[in-house]
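Novice: here is a sequence together with a model predicted from it:
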Amino acid sequence: MVEGASTGRAALELLVHGVGGATPEKMLNDPRTVRITGDETAAVYRRAEDADADAPAADANAPSGAPDGRPVPEAYVWSNLTSGNGTRALWLLLLPFMVVNLAHWMRPAAREGTRAVRLYGLLVRLAGLSLTVLLVAAACEVALDLTAWQCAGTRACAARHSWLGFLSPGGSHGGWWSTPGRRLALAALVPTALTGLLWYLSHRTWRAYESQEPLDRVPEPEHGPVHTALSRPGFWYGRRLVARLRAAHTAAGLLTVAAAVGTATAREDHRPGGPAVLDALGRLLEVSLAAGALAVVWVVCRRGRSENRLDRTLDAHLVHRLPLTALALLALTLLYTAWSRPHWHSSGRLAGDPAFGALALAQGTLVLTLAAVARALHRGRRDRTGQGRGAAVAVPPQGGAPVDSVSRRPEPGESAPPDPAGPAAAARPGDGERSALRGLGGPAVVMLACALGGVMSGGVAQRVADWLDGTGTSIAGPPVLLTWQASVIPVLLAVLAVLCALLGRRTWQLTRAERAAVVREYRADPGDPARTRRIARTRSMAALTDRGPLLVAVTATSTLFLGAGALVGASVSGETPVRATAAAGSLVHGAAQAAQALGSWLIGLGFLLFVTWGRRAYKDAAARRTIGILWDVGTFWPRAAHPFAPPCYAERAVPDLTWRITGWTRATGGRLVLSGHSQGSVLAAAAAWQLKPSDRKRVALLTYGSPIERLYGRWFPAHFGPAALAALHRDIDCWRNLYRLTDPIGGPVRLTGDDCGPEVDRAPLADPLAYGRTAEHPLPAPVLGHSDYQADPAFAEERARLLARLSPQLPGQRA
């Protein structure tokens, strides 16, 4: 067929669901669906009656598509990428790694390739490396120090645990495994196995996610400057970097185990009068461990992401040799440690306090340095753009959404649409506040990741110590620093309780203000007070999302200062808080007792809840879906800072969407509306950025309940900032966004209309659709919030409008 000859072209609506997942039957509103392409992990579905809608018609002039001329709906279902089989429960162990990986993408907007940008990425990668060392060090503390060194070396503790009998000098009557070195060598298998598990999870998901190759498109000139890295060909192909980082972090974990075992043994051999050969071997081991640590740090710092092309290089020599060298060094260390030393006896603790203290100090230094770099980047951006205001962005008065001239007007007896300048809209941040925490979002999140890693490490150590020695009299227990860190948890919770009380008061005040707005918008005077109160409360609760930066800032700042205080207290006193304050006044001593006891209880409770949740998630698919919601938000970004983070599902989903869009539009020459809800709208925008500029003009974008600007634009300004969204608006040409004031996740995109197309945002949709009973709504209409946008008549209206606007620009069907 000659191009332009067809008058009836196919129309397709590609639906992408949001967080929590959805079934194709629900998305397509039909119990009979068929899979068009894909597998059990992610696939595209259609209604059974539409399965052959794209087949060539017998009449060349007949329109292709659905029989009634409507757009054919397709559903892209990707929920199994984050909530599949029971092994996904193991991803809970990776939570700190996921959080620190997010910080890499929270960098303030700045010109790519500058030293400050490279330094930012390097510091986040080093923070990620410290978390790996912290987790493995915690496993070493439990297995080597508490179990093999303290409990097995103490007759009273070993007597309470019969399975430790063969390790106890008294219980085994001086058996072969009862010497301290051999106990340590045997116990080292536990943290080694943990490191192997992390390597296995990362390698398995690397083969399934990072190895999914995106569409290798022929470069085309962009219509304007590129304002986001998401449009680069290699952005969703991090195979090389993840392989390098996985090798480095695996080696770091193995070297941590070797250091925990080897330094304790070398310290014994360095005593005066010890064997000269073992003393020399100990010093050689320490030099080798230091050299290995330097090699790991060099690999982490040497190379960042390569996004300008599909980088298929794998660095095979490095990927294989570095972990194997570390494993060989660990094996030699275990052999050296297991050597017979008849006069060596275990007492007290291993050198855990200096190790954990050095880690805490290094992490605090990294956070402060990262904050300085991020602040400099943010200030530089503001200086270049004139206080951060983008020319393509306009914010209506009081932070409300722009009023759309085609917004649906209420019919007689129906409620008026909500006022875009209402109290809840006014509570949302304006244009000058787009970047969360003034560019310090990344450092704050790194601080939270370190705190989360510390809580997990301290929780497992404290819980195991209580289990081994419930009386607290036979063994020394975990390092003093971990006890100090647990003791500041009640103080942190008290600070957060005060903040939550203030936010609750603010929400109550906003609810009162919203009642008048609800009565005015729905013309419900006097109306039903309970109904009015519920709508107003839903709006004010939805506005709490915009207070997230305040919560993160207070939590991160409090954690930094409390952690510094715990480090100073442990270093100066060398005792637990209770013992350190024994000579102080009764008030101080009593407060220390309460904080230490409550902190120990809270951290143990947190560990038990963590294990219980993971166990439930392993067995219960519904619980896995709940965890999957967390992964939906946290694992959208590629693994750029930590290879052991849960895998990036977008590295599979975005190429899936890009291949489908490109293949369908080129095969049919038809019209396509990319329709994304919630997190699906972020995937849809990412897929649109990956299209060639000529293909972007063939696709319309419909987003609803979208966090693109409200969450991603604020927390990830370098990639979803005003300039990036304005460029996408210019390239796509047809983009409409729907949101409600009752939606805690979705919000306006805040882009104005120009010569490329209409404004993106429609006025906020009425929610509920009707205040009381009407002819169209004889039963009370529900408050929908973040769900069921397609139930609003505005959805069909906007979809039809996009198809009508897009169709005159499209070429005809190709032969």
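Specialist: In hand now; what should we look at? Numbering: from 1, shown residues only.

Novice: now for Ala159, how many residues are close by?
Specialist: Around Ala159 there are 14 other residues, counting by other CB atoms under 10 Å. The way it works is simple: take the backbone N, C-alpha and C, and place the C-beta from them, glycine included.

Novice: return the helix or strand in this structure with minimum mean pLDDT.
Specialist: helix 423-426 (a mean of 60; mean pLDDT, DSSP states H and E).

Novice: report how many residues lie close to Tyr601.
Specialist: To be clear, residue 601 is Trp; Tyr isn't right here. Neighbours of Trp601 (other CB under 10 Å): 15.

Novice: hang on, I meant Val611
Specialist: Using other CB under 10 Å, the number of residues around Val611 comes to 14.

Novice: if I pick it, what's in contact with it?
Specialist: Residues near Val611 by CB atoms under 8 Å, 6 or more residues apart in numbering: none.

Novice: next, it: secondary structure please.
Specialist: Secondary structure, DSSP: H, G, I helix; E, B strand; the rest coil: Val611 is helix.

Novice: now His777
Specialist: Going by three-state DSSP: His777 is coil.

Novice: quick check, pLDDT for it.
Specialist: In this model, His777 is scored at 84, pLDDT.

Novice: any idea how far it lies from Leu499?
Specialist: Applying CB to CB, to the nearest Å, the value for His777 to Leu499 is 40 Å.

Novice: next: Asp546.
Specialist: From Asp546 across to Leu499, the span is 15 Å (CB to CB).

Novice: check Leu201 too.
Specialist: Taken as CB to CB, the span from Leu201 to Leu499 is 35 Å.

Novice: please name the residues that touch Leu318.
Specialist: With CB under 8 Å, 6+ apart, Leu318 has these contacts: Arg244, Ala247, Val299.

Novice: quick one: which of these is most hemmed in?
Specialist: Ala247 (23 neighbours).

Novice: three-state assignment of it?
Specialist: For Ala247, the secondary structure call by three-state DSSP comes out as helix.

Novice: was I right to think it contacts Pro323?
Specialist: Yes. With contact defined as CB atoms under 8 Å, Ala247 counts as touching Pro323 (5.4 Å).

Novice: nearest residue to the residue sitting nearest the centre point of the chain other than its sequence neighbours?
Specialist: What sits nearest the mean C-alpha location of the chain, by CA atoms, centre = their mean, is Gly634, with 2.0 Å. In space, and not counting its chain neighbours, Gly634 is closest to Met98: 4.7 Å by CB to CB, 6 or more residues apart in numbering.

Novice: count the neighbours of that neighbour for me.
Specialist: 24.

Novice: my guess is it contacts Pro646, does it?
Specialist: Yes. Taking CB under 8 Å as the definition, Met98 is a contact partner of Pro646 at 5.4 Å.

Novice: name the element Val682 belongs to?
Specialist: Per DSSP states H and E: Val682 is located in helix 679-690.

Novice: need the contact list for Gly196.
Specialist: Applying CB under 8 Å, 6+ apart to Gly196 gives no contacts.

Novice: next one: it from Ala530, what distance?
Specialist: Counting by CB to CB - Gly196 and Ala530 are separated by 58 Å.

Novice: again with Asn308
Specialist: 58 Å.

Novice: ok, the two, which is more surrounded?
Specialist: Taking other CB under 10 Å, Asn308 and Ala530 do not tie; Asn308 has more neighbours (13 against 8).

Novice: quick one, phi psi at the nearest residue to that one once chain neighbours are set aside?
Specialist: For Asn308, ignoring the flanking residues on the chain, the nearest one in space by CB to CB, 6+ apart is Arg232 at 5.6 Å. Dihedral pair for Arg232: phi -80, psi 150, per degrees, to the nearest 10.

Novice: isn't Arg232 right next to Ser306, touching?
Specialist: No. Applying CB under 8 Å, one finds Arg232 not in contact with Ser306, separated by 9.5 Å.

Novice: between the two, who's got more neighbours?
Specialist: Neighbours of Arg232 and Ser306, each counted by other CB under 10 Å, are more numerous for Arg232; the result is 19 against 16.

Novice: re earlier: and the residue nearest to Gly634, its phi and psi?
Specialist: According to degrees, to the nearest 10, Met98 has phi -60, psi -40.

Novice: also Leu674?
Specialist: Torsion angles, degrees, to the nearest 10, at Leu674: phi -90, psi 110.

Novice: for it, grab the count of nearby residues.
Specialist: By other CB under 10 Å, the residues close to Leu674 number 30.

Novice: next one: it from Phe795, what distance?
Specialist: Counting by CB to CB, the gap from Leu674 to Phe795 is 14 Å.

Novice: cool, Ala700 as well?
Specialist: 14 Å.

Novice: so these two - more neighbours on which side?
Specialist: Neighbours per residue (other CB under 10 Å) separate Ala700 from Phe795, with Ala700 holding more: 27 against 19.

Novice: hang on, isn't the more buried one packed against Ala804?
Specialist: No. Using CB under 8 Å, Ala700 is not in contact with Ala804; the gap is 9.9 Å.

Novice: from Gly599, how far out is Val455?
Specialist: Val455 is 10 Å from Gly599, by CB to CB.

Novice: what's the overlap in contacts for those two?
Specialist: Ile489.
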